[in-house]
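Q: quick one, structure for this:
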Amino acid sequence: MTTVVLAVVLITGSAWLLAWQTVAFALGAAGGVARSPYGWLFRKAVRPRIGPPTEFEAPEPPRFAQAVGFGFAAVGLIGYGVGPEWLGLAATGAALAAAFLNAAFGYCLGCEMYLLVRRLTVRAE
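A: Numbering: from 1, shown residues only. Below you'll find the model as predicted:
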């Protein structure tokens, strides 16, 4: 869903749709992916059809990824809202690239960033 929403934002330049995605990222960062609007939709529409999960992922990396997405979406919203428009395009494009990597290849760039930061901070201690 995130990939589709961000692609539509790039095509249409809709600041309102980007505002929606920014809220979705904020909710995912604050309460975890399961508490985001897309997490709710997944629980109601998809999970009943595929059955219970066989393994669980640690919640911190996806929450961090949602926070990074929130940052890019917020910057994009500023670009679309007050300018410059190229800022909105660039920030939304970066968020779309990361969302596409996750949707198409199962590679969560924000999650990998989280793990890298954790490794670097543990070594520094």
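Q: now the end-to-end length of stretch 99-115.
A: One end of stretch 99-115 sits 18 Å from the other (Cα to Cα, to the nearest Å).
Q: any idea how far that stretch is from the chain center?
A: In this view, stretch 99-115 has its centroid 9 Å away from the chain centroid, taken as Cα atoms, centre = their mean, to the nearest Å.
Q: likewise for stretch 90-97?
A: With Cα atoms, centre = their mean, you get 10 Å for stretch 90-97.
Q: ok, residue 27 - contacts?
A: 35, 36, 37 (Cβ atoms under 8 Å, 6 or more residues apart in numbering). In short, each C-beta sits where N, CA and C put it, glycine included.
Q: okay if I get those as TSV plus pLDDT, secondary structure and distance to residue 61?
A: Compiled in TSV, the contacts of residue 27 are given as follows (pLDDT from 0 to 100; DSSP: H, G, I helix; E, B strand; the rest coil; distance: Cβ to Cβ, whole Å):
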residue	pLDDT	secondary structure	distance to residue 61
35	88	helix	16
36	92	coil	15
37	93	helix	20
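Q: identify, from those, the entry nearest to residue 110.
A: residue 36 (13.6 Å; Cβ to Cβ).
Q: thought that closest one was touching residue 30?
A: No: Residue 36 lies out of contact with residue 30 (Cβ atoms under 8 Å); the separation is 9.1 Å.
Q: which of the two has more neighbours?
A: More neighbours surround residue 36 than the other of residue 36 and residue 30, with 24 against 13 (other Cβ atoms under 10 Å).
Q: any low-confidence regions in the protein?
A: Applying pLDDT under 70 to the chain picks out residues 125.
Q: now the helices: where do they sit in it?
A: 2-12, 15-31, 37-41, 47-50, 60-82, 85-105, 109-124 (DSSP state H).
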